[in-house]
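In: Would you be able to build a 3D model of this:
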Amino acid sequence: PYLYAVGLFLVGYVGLAISLWPYIVPFEMIPAEAAAADNALALLLWGALPMLPIILGYTAYVYWLFRAKVTDEASYH
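Out: Residues are numbered from 1 along each chain as shown. So this is what the prediction gives:
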């Protein structure tokens, strides 16, 4: 079963490589050509800016909430 799973995994990757082969040529595109349009990047920036403090604040809160070990008396089982 393990070798069949590995074979299926490899067949999937080979199929993907064959289907993308004519259009996926390494070192043919510079990062500036591969980047999204400027307005799309600006939209992502303005969407990420308000979310970043929320995520960092929530992470700090959860870190503070679970800062100590649970004692045997406080556990549920």
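In: Off-centre distance for the helix or strand hosting Ala32?
Out: Using DSSP states H and E, the element containing Ala32 is helix 31-34. Computed by Cα atoms, centre = their mean, to the nearest Å, the separation of helix 31-34 from the middle of its chain amounts to 20 Å.
In: May I have that helix exported as PDB, CA atoms only?
Out: What follows is helix 31-34, C-alpha atoms only, in PDB (Å, rounded to 0.1, in the frame of the first residue of the first chain):
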ATOM      1  CA  PRO A  31       9.900  39.100 -10.500                       C
ATOM      2  CA  ALA A  32       8.600  42.400 -11.800                       C
ATOM      3  CA  GLU A  33       6.800  40.600 -14.700                       C
ATOM      4  CA  ALA A  34       5.400  38.000 -12.300                       C
END
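In: Can you give me the buried ones in it?
Out: Residues of helix 31-34 include none that count as buried (16 or more other Cβ atoms under 10 Å). The C-beta positions use only the backbone N, C-alpha and C, and glycine is treated the same way.
In: going forward can the numbers begin at 20, since that is how I track them
Out: From this message on, residue numbering opens at 20, which makes the last subject helix 50-53.
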